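Chemist: The amino acid sequence is not available; the structure is as follows:
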Ligand SMILES: [Zn+2]
């Protein structure tokens, strides 16, 4: 493949993996546990992975506009089956 065929990443897109989601209750970083493609927005779910918080009480959902969602574009089929834990 010619190097000129490689398209640069658009700066304006959002890579969910670049975000750090912290819990406001226990102040530890939350883990991405679910990904759900939506109509217009993709929804990423983060949960605390400790014994301090109950996930159902502190779960965070981040909605990323589909057109800006770089991570989903790179992993269109994966969902969380091998997609969430890796970059
Ligand atoms: Zn927490």
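Modeler: Good, I have the coordinates. All figures in this text were calculated on a predicted structure; none of them were measured in a lab.

Chemist: The closest residue to residue 13 other than its chain neighbours: neighbour count?
Modeler: Closest residue to residue 13 apart from its sequence neighbours, by C-beta to C-beta, 6 or more residues apart in numbering: residue 70 at 4.1 Å. In this view, the C-beta of every residue, glycine as well, is placed from N, C-alpha and C. Residue 70 has 17 neighbours, counted by other C-beta atoms under 10 Å.

Chemist: can you tell me how far residue 70 sits from residue 35?
Modeler: Per C-beta to C-beta, to the nearest Å, residue 70 is found 13 Å from residue 35.

Chemist: now residue 44
Modeler: 6 Å.

Chemist: the more surrounded of those two?
Modeler: Neighbours were counted for residue 44 and for residue 35 using other C-beta under 10 Å; residue 44 has more, 24 against 21.

Chemist: Phi and psi next, for the spatially most central residue of the chain.
Modeler: Centroid-nearest residue in the chain, with C-alpha atoms, centre = their mean: residue 16, separated by 3.9 Å. The phi/psi pair for residue 16 (degrees, to the nearest 10) reads phi -60, psi -30.

Chemist: what does the one 3 residues further on give?
Modeler: When read as degrees, to the nearest 10, the backbone of residue 19 gives phi -90, psi 150.

Chemist: What is the burial count for it?
Modeler: 13.

Chemist: That one and residue 62 touch, don't they?
Modeler: Yes: with contacts counted by C-beta atoms under 8 Å, residue 19 reaches residue 62, the gap being 7.1 Å.

Chemist: Tell me the pLDDT of the residue nearest to residue 13.
Modeler: As predicted, residue 70 sits at a pLDDT of 91.
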